[in-house]
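**Q** Sharing a sequence plus its predicted fold:
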Amino acid sequence: MVHRIITHLGCLDGYSSAFMVKKFFKELTGKEISEEELKDIDVVGTYPGDVQTESFEFHEDDIVVDLPQPLTKVFFWADHHLTSKPKEEKNNYFWKEAPSCSGFLIELAEEKGATLSDEIKRYKETIDKIDTAEYSAEEIKECYHLQNNYDNPTDLQKAVMVLAMIHTNDNYLNQQVLKTLLTINLGETPVEGTELQKLNPMMFYRAQLEGFAIWRKEVDEYIYYDEEHDCVVQDDRKVKFTKGLADRFYAYTKFPEANYNVRIKPIERDLARISVNCNIFHKDWCMLDIGLLCANVGKKFGEKSGGGHYTVGGAIINLENSDKALKYILEKLKEADDEADLNK
Ligand SMILES: [Mn+2]
């Protein structure tokens, strides 16, 4: 048997889940293998969409984590996404609606007899926070804006530094870094260890932070807060090209009072991507099902591609419909807020 670990590419939870499989291999899979064999297990990253469309080829000995269940029967599967909830039980298949897949695997390993170090317990809290984007405004600052000093990084900072290594703009590099991080001698958690430090996470992180800063400066020219609809609008149709790296939390750093954020981005073939989300610092301000709203937007203004979760969603529409779509979304957001105010 040749095992491979298949996980979510470009994602800290995907990388950390693969790490947990290597760390707690015996407890999780119920199988004992040598140190050597364990080290040699290859790790491959892919995307949920590639699993759903069956464009990724799975083997029966694969260990699949933080991804939807493949059609092919595999050796081990674990996931935490609501949309992956299995219909039937299978041997070595695990699912739970949990904040992160890594956290779920840590719980499973403990249930099956593993002893957890304090570092691993602390890491579980960190990855749970990151995978659900439960940051405070202060934490966003410390993680997404360059600080003067990194002598004593916080748990979150250590984690986003490693995230910067596996979430660059180059997917081939991301794949190589993922493989490399999981074949070196593993540290106590996914974000520490002597061999990991040698790969210089800070170099990747600094590059990303500089990219964010440049992007924020560019976007400052046209991002605005529409007070009437309580929504920050970032309309990328207004510019030909935005330099830097997108900081997805910026709307609420700049306008913390806003309920919602809508982004329109022209993409290939005369289409546009619309993203809608609720203020990440106040998910309780969300007064309507944004996933459902986006599904409707996709149907009304595009070719039916749209959906998401309660507080965040997206749709692909025809570019020529984007003014109408923006107006429609802003109206629906305001309607929901007005109705909630009346019922107070
Ligand atoms: Mn995840």
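**A** Okay, I see it.
**Q** where does the chain dip in pLDDT?
**A** 1 (pLDDT under 70).
**Q** Walk me through the domains of it.
**A** Annotated domains of the chain cover 4-207, 221-342 [automatic domain parsing].
**Q** Let me have the ones you listed in a markdown table, adding distance to residue 213 and mean neighbour count as columns.
**A** Glycine gets a C-beta too; all of them are placed from N, C-alpha and C. As requested, these are arranged in a markdown table below (distance: least, C-beta to C-beta, whole Å; neighbours: other C-beta atoms under 10 Å):
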| stretch | distance to residue 213 | mean neighbour count |
| --- | --- | --- |
| domain 4-207 | 7 | 17 |
| domain 221-342 | 7 | 17 |
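**Q** nearest to the ion, of these?
**A** Ranking the domains of the chain by their distance to the ion (criterion: C-beta to the ion) puts domain 4-207 first, at 3.4 Å.
**Q** Distance from the chain centre to that closest one, please.
**A** Relative to its parent chain, domain 4-207 has a centroid offset of 11 Å by C-alpha atoms, centre = their mean, to the nearest Å.
**Q** Can you give me the end-to-end span of it?
**A** 31 Å (C-alpha to C-alpha, to the nearest Å).
**Q** hmm, that domain in reach of the ion?
**A** Yes - on the criterion C-beta under 5 Å from the ion, domain 4-207 is in touch with the ion at 13, 66, 101, 131.
**Q** For the residues you listed, which two are the farthest from each other?
**A** Within the residues of domain 4-207 next to the ion, 66 and 131 form the most distant pair, 9.0 Å apart (C-beta to C-beta).
**Q** okay, how far is it across stretch 262-274, tip to tip?
**A** 7 Å.
**Q** secondary structure element for the spatially closest residue to residue 332 that is not a sequence neighbour?
**A** Nearest non-adjacent residue to residue 332, counting by C-beta to C-beta, 6 or more residues apart in numbering: residue 293, 5.7 Å away. Assigning secondary structure by DSSP states H and E places residue 293 in helix 290-301.
**Q** Kindly export that helix (C-alpha atoms) in CSV.
**A** Output of helix 290-301 as CSV, limited to C-alpha atoms (Å, rounded to 0.1, in the frame of the first residue of the first chain):
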residue,chain,number,x,y,z
ILE,A,290,-26.2,36.1,2.2
GLY,A,291,-25.6,32.7,0.6
LEU,A,292,-29.2,32.6,-0.5
LEU,A,293,-29.1,36.2,-1.7
CYS,A,294,-26.0,35.3,-3.8
ALA,A,295,-27.7,32.2,-5.2
ASN,A,296,-30.6,34.5,-6.3
VAL,A,297,-28.1,37.1,-7.8
GLY,A,298,-26.5,34.3,-9.8
LYS,A,299,-29.9,33.2,-11.2
LYS,A,300,-31.2,36.7,-11.9
PHE,A,301,-28.0,38.3,-13.4
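**Q** That helix: what's the following helix or strand?
**A** Using DSSP H and E, the first helix or strand after helix 290-301 is strand 302-308.
**Q** Would you mind getting the angle between that following strand and helix 290-301?
**A** 180 degrees (axes from the mean of the first three to the mean of the last three C-alpha atoms, to 10 degrees).
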